[in-house]
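>>> can't give you the sequence, but here's the structure:
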């Protein structure tokens, strides 16, 4: 990798914009040094001071890299004051108006990565400075009002465009992340989505000293459905299964599809009886649909928070899944369509990334009419086979 690439990696978008704008702007006052009449009499030392500030700003940003919010506020406000001052000491009216237009730079840069409050603060500061310049430099009231209005638009339009683009980009990134965390067929969480949102359940359980309930649900004879009716029918069975499981699961549960015909339901519980009742309710609800039955492995896991070591959500999920899978295997060996339960050892959870607890869409796609027809055909086939 080249040295320039490594250099630019030290900056975020806001700091890089400050570096570029200050680097370009720092050389503008140099052009005036060859024409003393370009600035008001006796103001050349002030212009040199502005130039030195621009150079210092460039060097400071280059040294720090990513500016903090406080550093950016000091740098941005200082730059705007110097810009406004420079516009007042320049004798050429066209150059003065062009310099005033540079006041829009700091609010636009702030809109790239700063908070809404900081962006509004920068925008109001720029508008006040530009309006004050317009009031001082205009020869008439109407001219001052027009200049002030133009200055406000010069500040607001770039800020508005940057805010809209930033919001659109953030929304697109959120949607991409969401797509990567859901199962496209059933719209249940996938394993990644389950891990990303695990703290919603684990945190509640650890804070309230409640065990975590972990259900591994496996559809019985699912291969037979695919082989007899095709994979389209199998997909509809999966969609219906998620709909029924989500409806029957305890409120606040995380419902995930972690494999072909395997699902996980995770929720806080208070007792063995509670998790057993939830598992039996889900098993019965799926069986009542008449399409398929399920074998359920239920695990009750006491949990506590640990501060030592790296985050371990993935390891805990694997541990719970292995334990529940043994229960599912036992349920199938006993004849399927039943629940087998086990209590796990103490879970020591080490929290990591903050809970991504935004509401998650789990409504399955449309097509229940076709699902009903397919379900009836599956039931007829099973009755005919049994006969």
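Ah, there it is. Quick caveat: nothing in here was measured; it's all calculated off a predicted structure.
>>> I'd like to know how many residues surround residue 66.
Close neighbours of residue 66, defined as other CB atoms under 10 Å, add up to 14. Every C-beta, even on glycine, is put in place using the N, C-alpha and C of the backbone.
>>> Over to residue 341?
Neighbour tally, residue 341, other CB under 10 Å: 20.
>>> could you say which helix or strand contains it?
strand 339-343 (DSSP states H and E).
>>> Buried residues of that strand, list them for me.
Buried residues in strand 339-343, counted by 16 or more other CB atoms under 10 Å: 339-341.
>>> Could you tell me which strands sit next to it in the sheet, and their orientation?
When pairing is defined by DSSP bridges, strand 339-343 lines up against strand 294-301 (parallel).
>>> For the strand it pairs with, what is the distance to the chain centroid?
Relative to its chain's centre, strand 294-301 lies at 32 Å (CA atoms, centre = their mean, to the nearest Å).
>>> what is the rounded mean pLDDT of that strand?
The average pLDDT for strand 294-301 rounds to 96.
>>> cool, and stretch 21-34?
Averaging pLDDT along stretch 21-34 gives 68.
>>> what's the average pLDDT for the strand holding residue 341?
pLDDT averaged over strand 339-343 gives 96.
>>> now do stretch 123-138
On average, stretch 123-138 scores 82.
>>> and the spatially closest residue to residue 108 that is not a sequence neighbour, what does it touch?
Once flanking residues are discounted, residue 108 sits nearest to residue 158: 4.2 Å by CB to CB, 6 or more residues apart in numbering. Going by CB atoms under 8 Å, 6 or more residues apart in numbering, residue 158 touches 104, 107-108.
>>> again, 10 Å this time
Residues near residue 158 by CB atoms under 10 Å, 6 or more residues apart in numbering: 101, 104-105, 107-109, 111, 123.
>>> Same question for residue 312.
Contacts for residue 312 (CB under 10 Å, 6+ apart) come out as 306, 318-319, 347-352.
>>> quick one on the thing from earlier: could you confirm the residue nearest to residue 108 falls within a strand?
No: read with DSSP: H, G, I helix; E, B strand; the rest coil, residue 158 is helix and lies in no strand.
>>> Distance check, it against residue 165.
Taking CB to CB, to the nearest Å as the measure, residue 158 falls 11 Å from residue 165.
>>> okay, and the common contacts of these two?
residue 111.
>>> quick one: the helices in the stretch 1-150 of the chain?
Remark: helices assigned in the stretch 1-150 of the chain by DSSP state H, counting those that start in this stretch are 3-8, 13-25, 28-32, 44-64, 69-89, 93-101, 105-113, 116-137, 141-179.
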